[in-house]
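Asker: sequence and predicted structure below; questions after.
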Amino acid sequence: MVNGINLALQFLDSFAFIVLAAAGLAIIFGIMGVINLAHGEFILIGAYTATLSVTQLGLPLVVAMVVGGLVTGLFGILTERVIISGAWPNWVSQRTLGRDIIEPLYDRLADSMVATFGLSLILTQGTRIAYGNSIDGLSTPFGPIEYGAFSYSTYRIVLAGVSIGLLLATYYLFTRTDFGMRARATIQDKETAQAMGVNTERMYMLTFGIGSALAGLTGALFAPVITMRPTLGDQFLVESFVAVVVGGPSVVLGTALSGGVLGAILAVFSNLYGTFIGRIALLVAALVALRFLPDGITGFIEQLQKRRQESE
Amino acid sequence: MTRSSVSRRQFLGASGAALVAGLAGCSAGEGGTSTDTASSADTLKIGVLEDQSGNFALVGDPKAKASMLAIEEINANGGIDGMQIETFQRDPQSDNQRYQELTRTAINEENVDALWAGYSSATREAIRPIIDRNEQLYFYTTQYEGGVCDEFTFAVGPTARQQLGIVLPYLVEEFGPDIYTIAADYNFGQLSADWVKVLANENDANVLGEEFIPLSESSFGSTINRIQEQDPDFVMSMLVGANHTSFYEQKASAGLDVPIGTSTAMAQGYEHRRLDPPAMANIYAGVNYMEEVPTDSNTRDGGFVDRYYEMYPDAPYLNEEAETNYFSTYMYKQAVEQAGTTEQPEVIDALESGIELGTEEAPEAPEGETIRLDGATHHVDHHMWIMRADDEHNIEAVENRQIPETFLSETVGCNLPENPEQTQYTPVDYYEEAE
């Protein structure tokens, strides 16, 4: 009964959605130990920036998307400097009060959640005040591809390609470049990295900026297919958190694997039994993963490797 | 305890009256008239709880605006029976718990004389018990699935039988008998889908399949594939809220060009304005009102649409529910003037006597012609329209006629003045095919 092509396209669609929704969150959480509850609103910034760049400034769509990513990245750096590390407020308070007023939120999960949750509320309501309950959307480019009685949006397939490209680029950035080496050194052992001359402060700032830019790019990429409204980030939040939890500590591999596994589950169940059951299946998968793989898929892989090394 | 609080209230009342007397004396110069009822005699209070943020903000905000327009117009023209209208207006943020709290506040602390509240059916059902317990006169103004027979509730929006009842037979005749239903997964969507089955049966059509979609869902790839698999002559869509709007964009980009009948799209969330063409091409909305409805009141200079944008120049759209809020405020005005009091039982009696708008003495009903409140069911015999969007999202009216509410009046036999009750009836109780 199930049309194989439908299923494959569904899978690509779900995979792209999960990977793109989760990538920025995974980087910020995996590297900085900061849970960014404003992740959805970073996606919002990207989506609004891209849409307004097209409708108000007349930029071509591709350029507008890049702008969306860049603006969100800059906003992420601002957030990191002001809220997460408190560097700028502390700079001021050092000169006026003679002491720091903000303790950096690195590796303080609960505290970072509260701070970023506050930020998300401000961003949502701020968007509502500035732009109202909705802005005019963009139309989806490329049109459909057709096969038999069915057709599918070409743009959705392009998104899948882009998500794979982004994963590869992120992998390259963190494993093959000087920046990536320093960033990973910062995660593994901050003090030693500092002793070796790595400016960990700067690493944190840039990592947060890159994670934010990815979130913004996600928003920009999805802008043509979703409704433009101040709460649009909500629809990415469940998938992104589930993907990070299921993926585990390894940022790129974890995101790719959980995108693959969860995407397959979502595609099969929503194709066979409808979108509602698809949603349920996704959450059940997350529950099962949490119960049996508390460190996610990549945590499990690491354990296996460790065990094998010990037995040898 | 009780005695001391009573005496304190009496003291406050007395000193308040003295204060009012003093003020009146100052301003009027030659001594005030009777003063202890001065403040309550020349004002009445209306509660307006509509979503201005949250999932329903887009559709709820125009309701709040239209209520305020009607209230300001009435106040400017001398109020209701000489009484100026005060308002208790809050934003429940599309949150049913907040709705319950604010409803209690409106009734118990603000003592509103009439209450307008709520966009979704889920909200209405969340606050209706509070309203019934307090015997509060309540106007529910959203188009909805129908069936609420409640002595204190005036459900003045059109029902599924009225909305789907005009659009579905037309689509069967134009395109063929095979229907696929997609609907939001809560009481409104489920019951509306049942109505599609009932109406399909009455019009010799058949429902090939139906899918219910959670309000949080915004990806419709598999839904679109399933529609293509069933290959219906047209789709009936009762999708609700901002997330579901993505469906129309996605079906256009996926090349699904089947005609769609709806009771929810365009007239409420003005998708034809917000989305890029051709997302809404070939969509037929069965509605009692849209800004584009070609009535005299809409098109005339200084008409309803003009007055709305004069008061709210930045408002994006004047939607279906806004019109319902607007005219029901005038219905309330008429009823109070007929009753000669704001006492709620008397006002309800007056409303049940059958108020009409669009007549010489009553102001216009922007949806067209005369509309009448049916006293027995507390519903309105609406003027209904089929509005179609073309490839460029231009809106044209393809059909219009008066459609009375018939489910409660004829099928159920709801007669509230004779038999007060507080029930919501559903099609499943009366039609086999709805099961």
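Answerer: Everything's here; your move. Since we're looking at a predicted model, the values are computed, not measured.
Asker: could you pull out the helices for the stretch 151-300 of chain B?
Answerer: Along the stretch 151-300 of chain B, the segments classed as helices by DSSP state H, counting those that start in this stretch run B:160-175, B:187-202, B:221-230, B:241-253, B:271-274, B:296-299.
Asker: now the second one: how far from the chain's centre is it?
Answerer: Going back to what we said before, that points to helix B:187-202. 19 Å (Cα atoms, centre = their mean, to the nearest Å).
Asker: excluding its backbone neighbours, what's nearest residue 254?
Answerer: Because you didn't say which chain, this covers chain A. Spatial nearest neighbour of A:Gly254, excluding adjacent residues (Cβ to Cβ, 6 or more residues apart in numbering or on different chains): A:Gly247 at 2.9 Å. Using the backbone N, CA and C atoms, a C-beta is placed for each residue, glycine as well.
Asker: wrong one, I was asking about chain B
Answerer: In space, B:Ala254 is closest to A:Ser153, 4.5 Å off (Cβ to Cβ, 6+ apart).
Asker: enumerate the beta-bridge partners assigned to the one you found.
Answerer: As for beta bridges, A:Ser153 partners with A:Pro144 under DSSP bridges.
Asker: and of the helices of the stretch 151-300 of chain B, who's closest to chain A?
Answerer: The closest approach between chain A and any of the helices of the stretch 151-300 of chain B, judged by Cβ to the nearest Cβ, belongs to helix B:241-253 at 3.5 Å.
Asker: against which helices or strands is that closest one packed?
Answerer: Using 3 or more Cβ pairs under 8 Å, 6 or more residues apart in numbering or on different chains; DSSP states H and E, the elements in contact with helix B:241-253 are helix A:154-176, strand B:178-184, helix B:221-230, helix B:271-274.
Asker: just name the most buried of these.
Answerer: With neighbours taken as mean count of other Cβ atoms under 10 Å in any protein chain shown, those reach their highest mean count in strand B:178-184, at a mean of 25.
Asker: how far away is the residue nearest to A:Gly254 from chain B?
Answerer: Note on A:Gly247: its distance to chain B, by Cβ to the nearest Cβ, to the nearest Å, is 20 Å.
Asker: dump the residue contacts of that residue.
Answerer: By Cβ atoms under 8 Å, 6 or more residues apart in numbering or on different chains, A:Gly247 lies in contact with A:22, A:26, A:253-255, A:257-258, A:296-298.
Asker: now, which of these sits nearest chain B?
Answerer: Among the contacts of A:Gly247, and counting by Cβ to the nearest Cβ, the member closest to chain B is A:Ala22, at 15.1 Å.
Asker: list the buried residues of the helix or strand containing that closest one.
Answerer: According to DSSP states H and E, A:Ala22 maps onto helix A:4-32. Of all the residues in helix A:4-32, those buried under the rule 16 or more other Cβ atoms under 10 Å in any protein chain shown are A:6-7, A:9-32.
Asker: which SSE is immediately downstream of that helix?
Answerer: From helix A:4-32, the next helix or strand downstream (DSSP H and E) is helix A:39-55.
Asker: ok, then the element right after that following helix?
Answerer: Later in the chain than helix A:39-55, the nearest helix or strand by DSSP H and E is helix A:61-79.
Asker: and that following helix, how far out from the chain middle?
Answerer: The answer for helix A:61-79 is 14 Å, by Cα atoms, centre = their mean.
Asker: avg pLDDT for the helix or strand following it?
Answerer: For helix A:61-79, the following helix or strand on the C-terminal side (DSSP H and E) is helix A:87-96. What helix A:87-96 shows for mean pLDDT is 91.
Asker: how about helix A:87-96: buried residues?
Answerer: For helix A:87-96, the neighbour count (16+ other Cβ under 10 Å) marks A:87, A:90 as buried.
Asker: C-terminal to it, what's the next element?
Answerer: Beyond helix A:87-96 on the C-terminal side, the first helix or strand identified by DSSP H and E is helix A:109-131.
Asker: just the CA trace of that following helix, in CSV.
Answerer: Taking C-alpha atoms only, helix A:109-131 is exported to CSV below (Å, rounded to 0.1, in the frame of the first residue of the first chain):
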residue,chain,number,x,y,z
LEU,A,109,22.2,23.8,32.9
ALA,A,110,19.3,25.0,35.1
ASP,A,111,20.5,28.6,35.3
SER,A,112,21.1,28.8,31.5
MET,A,113,17.6,27.4,31.0
VAL,A,114,16.0,30.1,33.1
ALA,A,115,18.0,32.9,31.5
THR,A,116,17.3,31.8,27.9
PHE,A,117,13.6,31.1,28.7
GLY,A,118,13.3,34.7,29.8
LEU,A,119,15.0,35.8,26.6
SER,A,120,12.6,33.7,24.5
LEU,A,121,9.6,35.4,26.1
ILE,A,122,11.1,38.8,25.5
LEU,A,123,11.8,38.0,21.8
THR,A,124,8.4,36.5,21.1
GLN,A,125,6.5,39.4,22.7
GLY,A,126,9.0,41.9,21.2
THR,A,127,8.3,40.5,17.7
ARG,A,128,4.6,40.8,18.3
ILE,A,129,4.9,44.4,19.4
ALA,A,130,7.1,45.3,16.5
TYR,A,131,5.4,43.4,13.7
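Asker: now the angle from it to helix A:39-55?
Answerer: In terms of direction (axes from the mean of the first three to the mean of the last three Cα atoms, to 10 degrees), helix A:109-131 departs from helix A:39-55 by 30 degrees.
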